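Peer 1: 3D, please:
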Amino acid sequence: MKRLFIRTYGCQMNVYDSERMAEAMGAEGYVTTEVAEEADMVLLNTCHIREKAAEKVYSDLGRLRPLKAAKPDLKIGVAGCVAQAEGAEILKRMPLVDLVVGPQSYHRLPAMAKAADEGRKSVDTDFPEEDKFDYLPERPKSAIRPTAFLTVQEGCDKFCAFCVVPYTRGAEVSRPADRIMREAQGLVEKGVREITLLGQNVNAYHGTGEGGDWSLARLVRALAKIDGLERIRYTTSHPNDMEDDLIAAHGEEPKLMPYLHLPVQSGSDRILKAMNRKHRAEDYLRLIERIRAQRPDMLMSGDFIVGFPGETDSDFEATMDLIRAVNYGMAYSFKYSARPGTPAAEKTPVPDEVADARLQTLQALLTAQQRAAQESMVGREVAVLVEKPGRLPGQMVGKSEYLHAVHVLSDAAPGDIVRVRIDASSTNSLAGTVVAA
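Peer 2: Numbers count the residues shown, from 1 in each chain. Model (predicted):
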């Protein structure tokens, strides 16, 4: 029996991909380990969104040299978006690497691992015609938890000026609806209670299915009919793909949870245009109004880039105004990071000290909003899907409808949904008391 160690960087899609790679290798006799020193294969599943992402991977590979020296038969692989971007260059710079596989080709990982065992190195960064999901094994019950990711769409056609995703993940492709339904049914039969639908632009989903083209809203409504599936979420969305039927579904389908991650990046129309976002700040704000008209308790999450080339003080203030208007329950914010090959990388960046100061100001506002959102839950009752034991004896941890982490003293088992009264709020979680199963 061989052991596989996977280190995952970046987004939820990478988390899903790592799980599927582990399952593919599991069919070949590998079991996963949390300790790299125990592994027969180490796989780095990489992200290329941030600046110096490739250098971080090379640095991490360098730290594996002593392990490789101690275990010459150890196989080392690089997967994901850095693999896609760097390709064979990784083998040139790091001879200790045995295989490089892109995010659209990891169904070929078992064959590449076998080649590595035979002393042959390989690079596969193709965008193959075959659907990788057709070649991946069924997920074993032993790997199933109460919540699961399910990829429904990959790639991006938006070409935002700062983003490498269209180059590393390819064009937008939606999986056929019947295959998604079968996979979801299988997950539920193994004990999954909540499914998060994944895509680089998940609400751009338009898959073929019975009766023609299916939108994400139609897919959500069909999934909601599966007995035993209690919760549905989706991420990540683009404002330009929030169609009327999806907005309506938030008010009509109780299994669709009241949490929506909808990145805007900036509140300045001038910067949004430079980013090639193809929407205005006002369009985004009106969209939020329509969504909250359907689901008034919707907790909004977003992404923000500070210090994009050309951003002025007034542009930054426009972003702050938008944040105040939306009142986010959660958000992610970053200083602009130039990505080679993207249009924005050719522009003059905002000085680091200016961008750093703006980021601190913006994050202070977002943190205050997140804290207020959590504190507003104190005294309310929420439904918590129990996921795992907590740190204390008798404690269990799960998520509320609003994606807040909640810990309670309870004898509930993972997969149970319990009614909890929230008693206290801490930095990143809530504490409560079970009032009903």
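Peer 1: Now do the contacts for residue 166.
Peer 2: 155-159 (CB atoms under 8 Å, 6 or more residues apart in numbering). The C-beta positions use only the backbone N, C-alpha and C, and glycine is treated the same way.
Peer 1: so how far is stretch 66-80 off the chain centroid?
Peer 2: 27 Å (CA atoms, centre = their mean, to the nearest Å).
Peer 1: how long is it from one end to the other?
Peer 2: 24 Å (CA to CA, to the nearest Å).
Peer 1: List the contacts of that stretch.
Peer 2: 9-10, 14, 17, 21, 36-37, 39-48, 57, 61, 64, 86, 90, 96-103, 106, 109, 112-113, 116-117.
Peer 1: can I assume residue 13 sits in a helix?
Peer 2: Yes - counting by DSSP: H, G, I helix; E, B strand; the rest coil, residue 13 is part of a helix.
Peer 1: so it makes contact with residue 200?
Peer 2: Yes - using CB atoms under 8 Å, residue 13 makes contact with residue 200 at a distance of 7.0 Å.
Peer 1: quick one: common contacting residues for these two?
Peer 2: residue 154.
Peer 1: Considering the contacts of residue 166, which possesses the most neighbours?
Peer 2: Highest neighbour count within these, by other CB atoms under 10 Å: residue 156, with 22 neighbours.
Peer 1: on that earlier part again, could I get the contacts of residue 166 as JSON lines with secondary structure?
Peer 2: Output for the contacts of residue 166, formatted as JSON lines (three-state DSSP):
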{"residue": "155", "secondary structure": "coil"}
{"residue": "156", "secondary structure": "coil"}
{"residue": "157", "secondary structure": "coil"}
{"residue": "158", "secondary structure": "coil"}
{"residue": "159", "secondary structure": "coil"}
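Peer 1: Which two among those residues are spaced furthest apart?
Peer 2: 155 and 159 (11.4 Å; CB to CB).
Peer 1: Tell me who's in contact with residue 184.
Peer 2: 150, 195, 223, 226, 229.
Peer 1: And the contacts of the biggest helix by length in the chain?
Peer 2: What stands out as the longest helix in the chain, according to DSSP state H, is helix 352-375. Residues from elsewhere that reach helix 352-375 (CB under 8 Å, 6+ apart): 299, 304, 306-307, 311, 316, 319-320, 323-324, 327-331, 333-336, 349-350, 404, 425, 430.
Peer 1: Restricted to helices, list the contacts of stretch 66-80.
Peer 2: 14, 17, 21, 57, 61, 86, 90, 109, 112-113, 116-117.
Peer 1: which SS state does residue 7 fall under?
Peer 2: strand.
Peer 1: Quick check: it vs residue 103, distance?
Peer 2: 15 Å (CB to CB, to the nearest Å).
Peer 1: picking that back up, for the very next helix or strand once past the longest helix of the chain, which strands pair with it and how are they oriented?
Peer 2: Of the helices and strands lying after helix 352-375 in sequence (DSSP states H and E), the nearest is strand 381-389. Strand 381-389 has its sheet partners listed here by DSSP bridges as strand 395-399 (antiparallel), strand 417-425 (antiparallel).
Peer 1: Mind listing what's buried along stretch 345-359?
Peer 2: 345, 347, 349-350, 354-355, 358-359 (16 or more other CB atoms under 10 Å).
Peer 1: Which one among these sits at the bottom for pLDDT?
Peer 2: Lowest pLDDT among the buried residues of stretch 345-359: residue 349, with 88.
Peer 1: Am I right that that one is in a strand?
Peer 2: No - going by three-state DSSP, the assignment for residue 349 is coil, not a strand.
Peer 1: contacting residues around it?
Peer 2: So residue 349 contacts 307, 309, 336, 338, 355 (CB under 8 Å, 6+ apart).
Peer 1: The third one contacts residue 310, doesn't it?
Peer 2: No - look at residue 336 against residue 310 with CB under 8 Å: they stay out of range, at 10.2 Å.
Peer 1: Torsion angles phi and psi at residue 303?
Peer 2: Torsion angles at residue 303 (phi, psi; degrees, to the nearest 10) stand at phi -120, psi 140.
Peer 1: Can you name the residues bridging to it?
Peer 2: Here residue 303, judged by DSSP bridges, has bridge partners residue 332.
Peer 1: List the residues that contact it.
Peer 2: 261, 263-265, 331-334.
Peer 1: From those, pick the one nearest residue 280.
Peer 2: Using CB to CB, the contacts of residue 303 come closest to residue 280 at residue 264, 10.3 Å.
Peer 1: which stretches of the stretch 51-200 of the chain form strands?
Peer 2: 75-80, 99-101, 122-124, 147-151, 153-154, 173-174, 194-198 (DSSP state E, counting those that start in this stretch).
Peer 1: Let's have the ones you listed in a markdown table, adding mean pLDDT and distance to residue 138.
Peer 2: Shown next, in a markdown table, are those (pLDDT from 0 to 100; distance: least, CB to CB, whole Å):
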| stretch | mean pLDDT | distance to residue 138 |
| --- | --- | --- |
| strand 75-80 | 95 | 21 |
| strand 99-101 | 96 | 21 |
| strand 122-124 | 94 | 23 |
| strand 147-151 | 95 | 13 |
| strand 153-154 | 93 | 20 |
| strand 173-174 | 94 | 21 |
| strand 194-198 | 98 | 16 |
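Peer 1: Which of those sits closest to residue 253?
Peer 2: Using CB to CB, those put strand 194-198 closest to residue 253, at 13.0 Å.
Peer 1: hmm, back to that, in strands only, show me the contacts of helix 352-375.
Peer 2: 299, 304, 306, 330-331, 333-335, 425, 430 (DSSP state E).
Peer 1: what bridges to the nearest residue to residue 387 once chain neighbours are set aside?
Peer 2: Of all residues not flanking residue 387 in the chain, residue 398 sits nearest, at 4.8 Å (CB to CB, 6 or more residues apart in numbering). When assigned by DSSP bridges, residue 398 has beta-bridge partners residue 386, residue 406.
Peer 1: From residue 426, how far out is residue 398?
Peer 2: 16 Å.
Peer 1: more neighbours, those two?
Peer 2: When residue 398 is set against residue 426 and neighbours are counted by other CB under 10 Å, the residue ahead is residue 398, at 28 against 11.
Peer 1: returning to what we had before: relative to residue 234, which of the buried residues of stretch 345-359 is nearest.
Peer 2: For those, the nearest to residue 234 is residue 359 (27.9 Å; CB to CB).
Peer 1: Would you mind measuring from that closest one to residue 426?
Peer 2: 24 Å.
Peer 1: ranges for the strands of the stretch 201-350 of the chain?
Peer 2: Using DSSP E, counting those that start in this stretch, strands in the stretch 201-350 of the chain cover 206-209, 212-215, 231-235, 259-261, 299-306, 330-335.
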